[in-house]
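> Pasting the sequence and the predicted model now:
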Amino acid sequence: MSAAGGSPRRDAPLGVFDSGLGGLTVVRALRAALPDEDIVYLGDTARVPYGTKGAGTVTRYALGCAGHLVSKGVKAIVIACNTVSAVAPERLRVELDLPVLGVIEPGARAAAAATRVFKVGVLATAGTIASGAYTRALAACSTRIEAYGQAAPLFVPLAEEGWTEGEVPTLAARRYLEPLAKAGVDVVILGCTHYPLLFDVIEREAKAMIGPNVTILDSASVVAREVASFLRERDLLRERGAEAERDDVARTGRTHLFVTDVPKTFEETAARFLGEHAGAAEQIDL
Ligand code: DGL
């Protein structure tokens, strides 16, 4: 995870953005790893999905999202979206005067540490797979690793719909895992914000098709751990107040949600990704 430095402040919020609400899976992991951080989240719900769009368009959208977070005084930006992390982080680092952390390298590092046969599968959007970003990140970890990418576009609407069990997701998982099973991978990276919601069905099918020892890697928790060490190393962690310490409060950090459109099913969808009630979101124009 690389970053460009500015002069950020410990008490400032952490900025997180995604093409839509799927990035709340990363917020969920960040809230667990960093319970005292304030988070400003922006979901570009008016323009989701990014995964089917070209790199130039995604980069332009990402610059708009990041600009909004900067205007909220964030101390660092976490790109929750794999597609943006695949095509736009360097441009964001050039344009912004604060640390920008993506999700590809942490996932690749965890996969490289987990593989025993040096064959890693990646399930992601068409845009992420086409960018070759995971292949490059895995090669940077070890030149012995062979990466096998598989676009899994149906997983995004299935996760949005909450259709995460039963015949349809099972058949989709089988279809997407087939080339990875043929290649003989022993680790499968879930390289998209939405896929952790389908973890159980993907893991079950992968174990049946690849073998019981296959590792399914949900990069959200890996990313959260790396963000935590990044903030700690740079003395950017927000301190827990004395009162919270005394009262043993579980979480002092607040999360402020911004969206570019309020989907009809906002509450339900947001809660599904966040794992708890999300509260209201403020709609903005980019
Ligand atoms: N957030 C995207 C990602 O992680 C998935 C949804 C989309 O296509 O915009 O790649």
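Nice, thanks for sending it over. The model shown is predicted, which means the values in this text are computed figures rather than measured ones.

> use CA for all of it now, contacts and neighbours both
OK.

> quick one: the strands in this structure?
For the chain, the strands defined by DSSP state E cover 14-18, 39-43, 76-79, 100-101, 119-124, 146-151, 187-191, 215-218, 255-259, 281-283.

> Of the ones you listed, which is nearest the ligand?
Nearest to the ligand among those is strand 14-18 (5.5 Å), distances taken as C-alpha to the nearest ligand atom.

> May I see the strands of the chain arranged in TSV, with mean neighbour count, distance to the ligand and mean pLDDT as well?
TSV is the format used below for the strands of the chain (neighbours: other C-alpha atoms under 10 Å; distance: least, C-alpha to the nearest ligand atom, whole Å; pLDDT from 0 to 100):
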stretch	mean neighbour count	distance to the ligand	mean pLDDT
strand 14-18	28	6	98
strand 39-43	26	9	98
strand 76-79	27	9	98
strand 100-101	26	14	97
strand 119-124	26	6	98
strand 146-151	21	10	98
strand 187-191	27	7	98
strand 215-218	22	12	96
strand 255-259	20	14	96
strand 281-283	16	18	94
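
> Could you dump those into a markdown table and include distance to A29?
A markdown table is the format used below for these (distance: least, C-alpha to C-alpha, whole Å):
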| stretch | distance to A29 |
| --- | --- |
| strand 14-18 | 12 |
| strand 39-43 | 12 |
| strand 76-79 | 12 |
| strand 100-101 | 15 |
| strand 119-124 | 19 |
| strand 146-151 | 24 |
| strand 187-191 | 15 |
| strand 215-218 | 10 |
| strand 255-259 | 13 |
| strand 281-283 | 19 |
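
> A250 is in contact with E37, isn't it?
No. Using C-alpha atoms under 8 Å, A250 makes no contact with E37, being 12.0 Å away.

> what about the two, which has more around it?
E37 (24 against 11; other C-alpha atoms under 10 Å).

> show me the contacts for D186.
Contacts here follow C-alpha atoms under 8 Å, 6 or more residues apart in numbering; on that basis D186 touches 115-121, 210, 213-215.

> Could you pull out the residues contacting both of A250 and E37?
Going by C-alpha under 8 Å, 6+ apart, no residue sits against A250 while also sitting against E37.

> Return the member of the contacts of D186 nearest to D261.
G121 (33.8 Å; C-alpha to C-alpha).
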